[in-house]
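# Have a look; sequence and predicted model below, questions after that.
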Amino acid sequence: MVDVGAVQGKILRVNLTDGQITKETVPGEVYTKYLGGRGAGAYYLNKEVAPGTDPLGEDNKIIFFNGPMAGTMAPGNGKINVTFKSPLTNTYYYSLCGGHFGAELKFAGFDGIIIEGNASKPVYLFIHNDEAELKDAQALWGKTIPETNKILKEELGGDHSLKIACIGPGGEKLNRMACITAELYREFGRGGGGAVMGAKNLKAIVVRGTQDVNVASPGKLANYVKELYKEFKAHPKVYARRWYGSVEMLEGINKLGFWSTKNFSEGYFAPGEEMVGPKMREKIVVGDGSCYSCPIACGKISQVNSAKYGKILIEGPEFETVGLLGPNCGISDWETILKATQILDHNGIDTISAGAVLSFAMEAFEKGIITEKDTDGIDLRFGNGDGLIAMLEKMVKREGLGDLLAEGVKLASEKLGAPELAMHSKGAAPATYDPRGCKGMALTYATSSKGAHHMYSPTMGVELAGDRFAEKGKANLVRDIQMQMAVVDSLGYCSTMRFVYTVDKQVDLFNLATGLNYSKQELLEVGERILNLERLFNVREGFSRKDDTLPKRFLEEAMKEGPSQGQTIDLQSMLDEYYQAMGWSEDGIPREETIKRLGLY
Ligand code: SF4
């Protein structure tokens, strides 16, 4: 047992091929060198998944891992990480999920779960206070996320404290954009983790736990947290996030002309002025929700009563979903956005990736690359909500053109001979910020180990306070925020907490919980180690500078109008600076001295 407070020190290893479940002690270095969460995932995936592994094959693994702060009294510690090789990007992939699943796993006595092998028929994993068993899930196959939750709770005695992470038909049908859904609406959203689970015939993981989490200095931690809560109460950003959710960000990016519109061909969406935080609150929000131990409660419950679709009640939508299924498809009505979100959520498919492939298909339709013959008569022009819903349903069922779209925007666009219309980096779609309007985000999308992802280094807040169009000098900002995010994601904090408590306070909380004595610099070095380990995984898969790229549209087509007019991206000069800042070669490979300094290999 390691001498680190707050952690349970053990994980479950579940081999689906032979049905063996073992409890395993976690090596101390997983906590001291990688912290847990995202860092622990990087450690295990590099060690246990061989180069060239098929993401949907038996040899891929799914690694769920909590951060050391999970289940403690620290605010916003409800994020658990899952790591796998992605069927969408073929890269290393990690994905974080809020809600209560992570804390419950900790209360059940485990820091993580490693899933390996493939089951011969559908199963689910039931974990309850130090025990675990595989159970038959054949009757659950084909069921949606809400149906699966309902049936499992009934089957397991009607216990509503059970926390469930499961896949829907999207994952079962190996849709490369399928997510893993915890509870009803919290997702390990991107990268196709749901398809990896589907390929393994693993329908769900159900957890129940009532054990303690023993922190090193409970009294001091309680006092520290008490003071922190006062800061939450007084912080202006908290109010906006609590009242409007993440959608509060959309107003600014529309005004500044970099809101993804019509497959990123424009940066301002006039009807979008009715879709920003206060408007959403007024028109569709009927309640609020929160993850475990969160004083912000940014979750929104939304409802529309539609003549076409009846009552639609969902959790969300988040700003990325609104952006990608809304303006990026030319859609401005809440009815269509909520219906599309509901279909995707119930089937366990990521809304960002789905919005990206649908907006690609809409542009291809407008340009005549695909016609009504290909769409089975669906009019797929931008702005046609009925067309969007009809094609989305085909994608969920994998029918006709929908079967190809389920492969994700990169593969689908290549098969249709229109890769120049696909907005992605390494196969993953960017969120709703057009990087031409915020250059650090361009470097973020291009260098992320999992393909375009805004949370790999969310530089936007800093950039908006300075020169958002500057390219020179952004490399250091991107590197620094990447390190900070690797720490946040490995400790198990929600990234939104960074508004209120920055790295200094994260270090204090970590030391009080674990009994370790890290400095800020030491913790950031852990972040750097994790970034390099993720990079090394991709290097051995053949990724290098050539893959750190962006769609030609971002690099060569100037923003047409508005406050970001005229902007393109000089990515190569930013990459040069970034590789230098990271201690990598001109080709983006970590140098020997960097690897040694960080104690890797
Ligand atoms: S801020 Fe939102 S996403 Fe983050 S922990 Fe709180 S409720 Fe969850």
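Received, thanks.

# hey, let's count contacts and neighbours off CA atoms from now on
OK.

# Can you give me the distance of the closest residue to A390 other than its chain neighbours to G402?
Spatial nearest neighbour of A390, excluding adjacent residues (Cα to Cα, 6 or more residues apart in numbering): I378 at 7.1 Å. Here the criterion is Cα to Cα, to the nearest Å. By it, I378 lies 11 Å from G402.

# so what's the residue of the chain positioned farthest from its centre scoring on pLDDT?
Of all residues in the chain, K373 has its C-alpha farthest from the mean position, at 35.0 Å, by Cα atoms, centre = their mean. K373 carries a pLDDT value of 98.

# just the one 10 residues further on next, same as before
You'll see G383 listed with a pLDDT of 98.

# and it, helix, strand or coil?
Here G383 is recorded as coil under DSSP: H, G, I helix; E, B strand; the rest coil.

# residues in contact with the closest residue to it other than its chain neighbours?
Counting by Cα to Cα, 6+ apart, G383 lies nearest to G330, which is 4.2 Å off, once chain neighbours are set aside. The contact partners of G330, by Cα atoms under 8 Å, 6 or more residues apart in numbering, come to 261-262, 382-384.

# which secondary structure elements does the longest helix along the chain contact?
In the chain, with assignment by DSSP state H, the single longest helix is helix 520-540. Here helix 520-540 touches helix 28-34, helix 37-48, strand 92-97, helix 474-491, helix 503-514, going by 3 or more Cα pairs under 8 Å, 6 or more residues apart in numbering; DSSP states H and E.

# Confirm N81 sits in a strand?
Yes: under three-state DSSP, N81 sits within a strand.

# what separates it from A428, distance-wise?
18 Å.

# interface residues of the stretch 251-400 of the chain facing the ligand?
Counting by Cα under 6 Å from any ligand atom, the stretch 251-400 of the chain comes close to the ligand at 290-291, 294, 296-299.

# Show the pLDDT at the residue nearest to K262 when sequence neighbours are not counted.
Closest residue in space to K262, ignoring its immediate chain neighbours: N328 at 4.2 Å, by Cα to Cα, 6+ apart. On the pLDDT scale, N328 is placed at 98.

# My read is that N328 contacts G355, right?
Yes: checked against Cα atoms under 8 Å, the pair N328 and G355 is within contact range at 7.5 Å.

# returning to what we had before: switch the helices and strands packed on helix 520-540 over to JSON lines; also include mean neighbour count, distance to D570 and mean pLDDT.
JSON lines is the format used below for these (neighbours: other Cα atoms under 10 Å; distance: least, Cα to Cα, whole Å; pLDDT from 0 to 100):
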{"stretch": "helix 28-34", "mean neighbour count": "19", "distance to D570": "34", "mean pLDDT": "96"}
{"stretch": "helix 37-48", "mean neighbour count": "24", "distance to D570": "31", "mean pLDDT": "98"}
{"stretch": "strand 92-97", "mean neighbour count": "26", "distance to D570": "26", "mean pLDDT": "98"}
{"stretch": "helix 474-491", "mean neighbour count": "24", "distance to D570": "12", "mean pLDDT": "97"}
{"stretch": "helix 503-514", "mean neighbour count": "20", "distance to D570": "31", "mean pLDDT": "96"}
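
# Please report the distance of K339 from the ligand.
Separation of K339 from the ligand (Cα to the nearest ligand atom, to the nearest Å) stands at 22 Å.

# Kindly report the same for S353.
S353 sits 19 Å away from the ligand, going by Cα to the nearest ligand atom.

# Check that residue and give its pLDDT.
So S353 comes in at 98 (pLDDT).

# can you tell me which residues contact it?
Going by Cα under 8 Å, 6+ apart, S353 touches 177, 190, 408-409, 428-429.

# which stretches of the protein have low pLDDT?
Along the chain, the model assigns pLDDT under 70 to residues 1-2.

# need the residues of it near the ligand, please.
76, 78, 98, 290-291, 294, 296-299, 494, 496.

# OK, contacts around K173?
For K173, the contact set (Cα under 8 Å, 6+ apart) comprises 195, 198, 398.

# and the gap between G57 and L555?
Using Cα to Cα, G57 is found at 35 Å from L555.

# typo on my end, it should be I80
Going from I80 to L555 by Cα to Cα gives 35 Å.

# Those two: who's more crowded?
Ranked by neighbour count (other Cα atoms under 10 Å), I80 and L555 place I80 first, with 32 against 18.

# That one reaches G102, doesn't it?
Yes: counting by Cα under 8 Å, I80 does reach G102; the two are 5.0 Å apart.

# re the thing from before, tell me which two of the residues of the stretch 251-400 of the chain next to the ligand sit farthest apart.
Maximum pairwise distance in those, criterion Cα to Cα, is 10.5 Å, between C294 and G299.

# more neighbours, the two?
G299 (24 against 19).
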